[in-house]
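Novice: what follows is a protein structure lacking sequence information:
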């Protein structure tokens with residue numbers, strides 16, 4: 001136990017950090033023992049309100065409005081959350097453990113001794129937003145593809161991988177490959193959360209505080225807890241860059257201008273440009289919907305919508321195909337009720353109508369974006385060719 005317990009004196013408070021393993025039964029027992037012996041005034045757990053509510057309300061999926069999710073552009077984030085949930089569930093099933101069991105024990109033990117419970121981690125959506133803001137288009141595409149497919153590329157996790165995960169939190173384990181490819185992701189994923197956790201722990205009420213943390217966070221928190229951190233600043237979502245907005249409008253204007261100009265110079269060449277644009281954008285978006293095993297009408301709607309939505313930066317072909325998929329294959333109550341079970345496996349993930357809709361939205365958008373770049377490049381090529389270059 002001495003190896004996993006860190007005792008600190010900060011601003012007249014005794015702070016006890018428990019460096020737990022998120023996938024270990026022994027860690028949960030240790031949390032229970034430490035809290036019962038120390039009887040702290042406050043117990044801090046490495047959860048935010050969203051993850052806390054998901055623990056408290058296991059059936060929250062039943063109340064989901066899939067149409068609202070698509071309209072509010074939350075399909076991507078929801079799909080990532082479900083993919084991570086699947087990763088956790090497979091660990092639980094294979095190794096007979098409950099990921100985050102030490103956090104659940106912390107909640108229970110705090111209630112038993114009457115300690116104040118502090119949700120000390122940063123909002124997971126803010127963390128996702130700050131990670132997302134550190135990636136360009138291809139980085140985002142890689143991240144989505146990796147999270148969606150990489151998590152499900154095999155049904156089992158090796159003992160070696162399991163041991164490694166005991167020194168990470170779930171987000172770290174899922175995104176480990178990407179922090180190697182994109183080192184700057186470490187800042188929002190680990191460093192900023194260390195700062196946030198440290199500030200919440202040292203400002204928790206009472207003279208004695210126990211904090212239940214992933215072992216990977218303890219060194220950083222031990223270092224950061226003696227400094228003051230601005231929680232509001234750490235909770236800010238990154239400002240949207242004006243560059244994507246400019247490019248989002250500039251590309252459609254350029255494409256339309258080139259096609260119109262070519263029509264005036266050579267109507268046949270202009271028709272070829274328009275055809276190329278329609279085929280590339282429509283076909284790639286349709287392929288994305290087909291890869292998601294979308295309904296034929298969803299695939300067709302992706303093909304029809306993409307050439308139009310690609311010319312408007314606020315619209316996306318995936319929203320159209322996703323809404324069509326949700327309409328013709330509307331998720332039933334049973335789909336929502338079995339969602340937490342279906343994300344255990346690849347087959348269940350693709351079979352459930354809820355996750356199928358989300359996949360249609362995301363994959364149509366990814367493939368449609370690729371089609372937009374290829375189609376745009378071909379329009380420019382045909383324009384230059386018509387000018388004799």
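Specialist: Yep, that arrived. Model, not experiment: these values are computed from the prediction. Numbering: from 1, shown residues only.

Novice: report pLDDT for the closest residue to residue 50 other than its chain neighbours.
Specialist: Nearest residue to residue 50, sequence neighbours excluded (C-beta to C-beta, 6 or more residues apart in numbering): residue 124, at 5.7 Å. From N, CA and C alone the C-beta is placed, and that goes for glycine too. pLDDT for residue 124: 84.

Novice: what's around residue 124, how many residues?
Specialist: 20 (other C-beta atoms under 10 Å).

Novice: show the backbone phi and psi for it.
Specialist: Phi and psi for residue 124, reported as degrees, to the nearest 10, are phi -60, psi -30.

Novice: can you tell me how far it is from residue 238?
Specialist: Residue 124 sits 15 Å away from residue 238, going by C-beta to C-beta, to the nearest Å.

Novice: same deal with residue 28?
Specialist: According to C-beta to C-beta, residue 28 stands 35 Å off from residue 238.

Novice: neighbour count: those two, which is higher?
Specialist: Per other C-beta under 10 Å, whichever of residue 28 and residue 238 has more neighbours is residue 28, with 23 against 13.

Novice: mind checking the SS state of that one?
Specialist: helix (DSSP: H, G, I helix; E, B strand; the rest coil).

Novice: my guess is it contacts residue 102. True?
Specialist: Yes. Counting by C-beta atoms under 8 Å, residue 28 touches residue 102, with 4.7 Å between them.

Novice: please enumerate the shared neighbours of the two.
Specialist: Residues touching both residue 28 and residue 102 (C-beta atoms under 8 Å, 6 or more residues apart in numbering) are residue 20.

Novice: phi, psi of the nearest residue to residue 280 once chain neighbours are set aside?
Specialist: On the basis of C-beta to C-beta, 6+ apart, the spatially nearest residue to residue 280 that is not a chain neighbour turns out to be residue 375, at 3.3 Å. With angles defined as degrees, to the nearest 10, residue 375 sits at phi -60, psi -40.

Novice: how about residue 375, what does it touch?
Specialist: 255, 276, 277, 279, 280, 281, 284, 310 are the contacts of residue 375 under C-beta under 8 Å, 6+ apart.

Novice: dump those to JSON lines, plus secondary structure and neighbour count.
Specialist: Shown next, in JSON lines, are the contacts of residue 375 (DSSP: H, G, I helix; E, B strand; the rest coil; neighbours: other C-beta atoms under 10 Å):
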{"residue": "255", "secondary structure": "helix", "neighbour count": "22"}
{"residue": "276", "secondary structure": "helix", "neighbour count": "19"}
{"residue": "277", "secondary structure": "helix", "neighbour count": "26"}
{"residue": "279", "secondary structure": "helix", "neighbour count": "16"}
{"residue": "280", "secondary structure": "helix", "neighbour count": "24"}
{"residue": "281", "secondary structure": "helix", "neighbour count": "31"}
{"residue": "284", "secondary structure": "helix", "neighbour count": "25"}
{"residue": "310", "secondary structure": "coil", "neighbour count": "28"}
